[in-house]
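Q: predicted model follows, preceded by the sequence.
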Amino acid sequence: QVQLVESGGGLVQPGGSLTLSCAASGSRFSANTMGWYRQAPGNQRALVATITIGGSTNYADIVKDRFTISRDNGKNIVYLRMNSLKPEDTAVYYCFGEGFTLGPTGWGRGDYWGQGTQVTVSS
């Protein structure tokens, strides 16, 4: 079983910055795509950014040019650097990982989610 554990959320003023981290642990995990989604109260969970094992990135239009996603493939850690934060960025941010894990019966594909970390942008 793979666990994704996020850290780095918190309260920040508008215009400020935060960096979220997400580390995969547990079973041996070969992550193809990792990324971040967010969910604000009353809204559906929405894509923020993803990054493939080869480094290709994809961003939601509303965060493009403000957020940067990166990863450490060797450590199975994905980061989200968030600059110029706005109140509308307030949400629970969830880490996502898709790839292959080594289980009792061999390698199998799976999707995994973290428990979420709160980001609040407010003065």
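A: Perfect, I can see it now. Residues are numbered from 1 along each chain as shown.

Q: how about the strands in this structure?
A: 2-7, 10-12, 18-26, 29-39, 46-52, 57-59, 67-72, 77-82, 91-103, 106-113, 117-121 (DSSP state E).

Q: and the angle from the third one to strand 29-39?
A: In this case it means strand 18-26. Calculated by axes from the mean of the first three to the mean of the last three C-alpha atoms, to 10 degrees, strand 18-26 forms an angle of 140 degrees with strand 29-39.

Q: what lies in contact with strand 18-26?
A: The contact list for strand 18-26 (C-beta atoms under 8 Å, 6 or more residues apart in numbering) reads 1-10, 12, 31, 34, 36, 75-82, 85, 93, 95, 97, 112, 114, 117, 119. Using the backbone N, CA and C atoms, a C-beta is placed for each residue, glycine as well.

Q: which of the residues you listed are buried? Put it as a PyMOL command.
A: The buried residues among the contacts of strand 18-26 can be selected in PyMOL (16 or more other C-beta atoms under 10 Å) with this line:
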select buried, resi 2+4+6+8+9+12+31+34+36+76+77+78+79+80+82+85+93+95+97+112+114+117+119
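
Q: state the distance from the residue of the chain positioned farthest from its centre to Asn32.
A: Most distant residue from the mean C-alpha position of the chain: Thr105, 28.5 Å away (C-alpha atoms, centre = their mean). According to C-beta to C-beta, to the nearest Å, Thr105 and Asn32 sit 20 Å apart.
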